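> My questions concern the predicted model and sequence given below.
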Amino acid sequence: MTNDHDWERRVADLWERLDAYEPADFRAGIAALAAERPDDDPAALFEQGAAHDSTGEPEEAVRFYRRALDRRLSGLRRRRAVIQLASSLRNLGRPDQSVELLTAERATPAAELDADEAALSGAVDAFLALALADTGRDREAASLALGALAPLLPRYNRSLAHYARALLTAPDGS
C-alpha cells in the first residue's frame, strides 16, 4: 500500500484531468486508486462517490457517500460528502432529505470547523436554498440565498441582510 500523501496526490491529479476521460474510464481510475486502500476506507469511498456523482450516476454516488459517512469520514471530505450527498438526493427527487442533511450541517458550530470546512459554509447555504425551493419553501430559500450574498456586495450589505431576514417574517406577497 502506498503512503497517504502519494495516494492523495494521485487522486488530485486524476481529478484535475476529469474532462480528458470518458465517464466510465474516470470512474475506473478512481476505483483503481480506491482499491489500494482498505475496503472500508472512508476517503476512498468518498472519492468513488464523487466520481459517480461527477459522471452522471447520482444513485451510485449516494450509496458511496452514505458508506463513507457511516465509516466516520472526517474533515473537509466529510463536509463535502454531506453537501454532495444532499445535492444528489435533491437531483433524485428527494429534496426533503437534502433539506434535513443540510440543515443539520448548517447547525455545526463554527468552532468545530477548520478554515477549509468553514469556507464551504456558503456552499451549504446555496444547496440548502435549492432544496428549500424544491420543497416549496421559496421564501426561506430566497432569504438564505440573499443572506449569503449580502456580505459579498460592495454596498447595501446591511440593507440586503435586513431584507433577507424580513422575508421570513413578512406575509407572502409583501
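That came through fine. Residues are numbered from 1 along each chain as shown.
> got a list of contacts for stretch 136-148?
Stretch 136-148 has contacts (CB atoms under 8 Å, 6 or more residues apart in numbering) with 99, 122, 125-126, 128-130, 132-133, 160-161, 163-165, 167-168, 172. For the C-beta atoms, the positions are set from N, CA and C on the backbone; glycine is no exception.
> Quick one, which of those residues are buried?
Buried members of the contacts of stretch 136-148, scored by 16 or more other CB atoms under 10 Å, are 99, 125-126, 128-130, 132-133, 160-161, 163-164, 167.
> Mind putting those residues into CSV with pLDDT and secondary structure?
Formatted as CSV, the buried ones among the contacts of stretch 136-148 follow (pLDDT from 0 to 100; DSSP: H, G, I helix; E, B strand; the rest coil):
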residue, pLDDT, secondary structure
Val99, 98, helix
Asp125, 95, helix
Ala126, 94, helix
Leu128, 98, helix
Ala129, 97, helix
Leu130, 97, helix
Leu132, 98, helix
Ala133, 97, helix
Leu160, 92, helix
Ala161, 90, helix
Tyr163, 93, helix
Ala164, 92, helix
Leu167, 92, coil
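> now the residues you listed in a markdown table, with distance to Ala12?
What follows is these, written out as a markdown table (distance: CB to CB, whole Å):
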| residue | distance to Ala12 |
| --- | --- |
| Val99 | 31 |
| Asp125 | 26 |
| Ala126 | 24 |
| Leu128 | 28 |
| Ala129 | 29 |
| Leu130 | 27 |
| Leu132 | 33 |
| Ala133 | 33 |
| Leu160 | 37 |
| Ala161 | 36 |
| Tyr163 | 41 |
| Ala164 | 36 |
| Leu167 | 40 |
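> residue ranges of the strands in the protein, please?
Assigned by DSSP state E, the chain shows no strands.
> Under the pLDDT cut-off, which ranges of it? List them.
By pLDDT under 70, the weakly predicted segments of the chain are 1-2, 172-174.
> Show me the longest helix that occurs in it.
When the chain is parsed with DSSP state H, its longest helix is helix 75-91.
> now what about that helix, what contacts it?
By CB under 8 Å, 6+ apart, helix 75-91 touches 42-43, 46, 49-50, 53, 58-59, 61-62, 65-66, 68-69, 73, 95, 97-98, 101-102, 105, 113-114, 116-117, 120, 123-124, 127-128, 130-131, 134.
> Can I get it in PDB? Just the C-alpha atoms.
Provided in PDB are the C-alpha atoms of helix 75-91 (Å, rounded to 0.1, in the frame of the first residue of the first chain):
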ATOM      1  CA  GLY A  75     -12.600  16.900   7.900                       C
ATOM      2  CA  LEU A  76     -13.100  18.700   4.600                       C
ATOM      3  CA  ARG A  77     -14.100  15.500   2.900                       C
ATOM      4  CA  ARG A  78     -16.900  14.900   5.400                       C
ATOM      5  CA  ARG A  79     -18.400  18.400   4.700                       C
ATOM      6  CA  ARG A  80     -18.000  17.900   1.000                       C
ATOM      7  CA  ALA A  81     -19.700  14.500   1.300                       C
ATOM      8  CA  VAL A  82     -22.700  16.000   3.100                       C
ATOM      9  CA  ILE A  83     -23.100  18.700   0.500                       C
ATOM     10  CA  GLN A  84     -22.700  16.400  -2.400                       C
ATOM     11  CA  LEU A  85     -25.000  13.700  -0.900                       C
ATOM     12  CA  ALA A  86     -27.600  16.300  -0.300                       C
ATOM     13  CA  SER A  87     -27.300  17.600  -3.900                       C
ATOM     14  CA  SER A  88     -27.600  14.100  -5.300                       C
ATOM     15  CA  LEU A  89     -30.600  13.400  -3.200                       C
ATOM     16  CA  ARG A  90     -32.300  16.600  -4.400                       C
ATOM     17  CA  ASN A  91     -31.500  15.700  -8.000                       C
END
